[in-house]
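J.: A predicted structure for the sequence below; I have some questions about it.
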Amino acid sequence: MEKTVEYEGYTIQSAPQHLADGETWRLRIFISFEDHRGVKAREFSADVVYATEQEADIHGIAFGQRLIDGKVEGQSVMDMKTTDRRATPRLRVQFRTTFSGSTKLEGTGVMLDLATGGCRIESPVTVEPGLSLELRIHVPDLEWPLMIEAANVQWVSGQIFGLAFFRITEPEQQRLGQVISDLMEEMEDESTAD
C-alpha cells in the first residue's frame with residue numbers, strides 16, 4: 001500500500017507493519033528531509049493497531065504530519081534540519097552494487113556517489129520513487145559487501161536513481177563510516193599531491 005506524501009519540506013512515507021497475529025497492522029512511517037548535504041531519514045512508529053493496512057496507512061500519514069508540526073509528545077523531526085551536525089559530503093565512487101526489492105525485483109548497478117545517509121546508483125533496472133530496496137555495496141577492499149537493510153528510492157532520472165538509507169544495523173553503520181572516512185582521506189591525499 002505504501003503511501004508517500006510531501007509535507008512542509010519533508011517526505012512522509014507510510015510503511016505499515018503487518019503484525020504476527022496476521023490480522024492487524026501497526027502504524028510505521030519514515031520521514032526524510034533533503035537539503036544541499038543530502039538526505040536524512042528516520043523511522044517512527046506508534047503502538048496503535050489497525051484492522052487494515054489502508055487504515056494504518058492513512059493514520060500513518062496524519063501521524064507524520066502531526067510529528068512535523070511538533071504536536072507529538074516526545075518525538076520530533078526538528079533535529080533533522082539542524083546544521084551543526086556536519087553531514088558528510090557525497091563522495092564520488094564506482095562501486096558495484098546489487099539490490100533487491102520486496103516485489104521480486106533484483107538488479108545490479110554502479111554506485112556513483114556515497115554519503116552516510118544515501119547514494120546514487122546507475123542501473124539498467126527500472127525502479128520507482130518510494131520503492132524500498134535492500135542494498136549490497138561491493139567495496140573493493142572489504143571482505144564482504146556492505147549491507148543496507150532498507151534504502152528508499154527518492155528520485156529517478158533515466159538510469160540513475162537516488163536512495164536514502166532508512167535501515168542499517170549498527171555494525172554496518174560503523175563499516176559504512178569507515179569506508180567514508182577512508183574515501184575522504186584518499187581525496188585529501190590526492191588534493192595535497194597535486
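T.: Good, I have the coordinates.
J.: show me the contacts for the spatially closest residue to Ser123 that is not a sequence neighbour.
T.: Leaving out its chain neighbours, the residue that sits closest to Ser123 by C-beta to C-beta, 6 or more residues apart in numbering is Gly109, at 2.9 Å. C-beta coordinates here come from the backbone N, C-alpha and C atoms, glycine included. Applying C-beta atoms under 8 Å, 6 or more residues apart in numbering, we find Gly109 in contact with Arg96, Thr97, Phe99, Ile121, Glu122, Ser123, Pro124, Val125.
J.: let's go with 10 Å and repeat that
T.: Going by C-beta atoms under 10 Å, 6 or more residues apart in numbering, Gly109 touches 95-99, 120-125, 127, 135, 159-161.
J.: just the ones in strands from these, please.
T.: Phe95, Arg96, Thr97, Thr98, Phe99, Arg120, Ile121, Glu122, Leu135, Ile160, Phe161 (DSSP state E).
J.: name the nearest residue to the fifth one, ignoring sequence neighbours.
T.: Looking back up the chat, that one is Phe99. Among residues not flanking Phe99 along the chain, Leu133 sits closest, at 4.5 Å (C-beta to C-beta, 6+ apart).
J.: list the strands paired with the strand or helix carrying that neighbour, with their directions.
T.: Using DSSP states H and E, Leu133 falls within strand 132-138. Strand pairing for strand 132-138, using DSSP bridges, gives strand 91-101 (antiparallel), strand 146-157 (antiparallel).
J.: and it, which residues are buried?
T.: Ser132, Leu133, Glu134, Leu135, Ile137 (16 or more other C-beta atoms under 10 Å).
J.: please consider this matter closed, and thank you.
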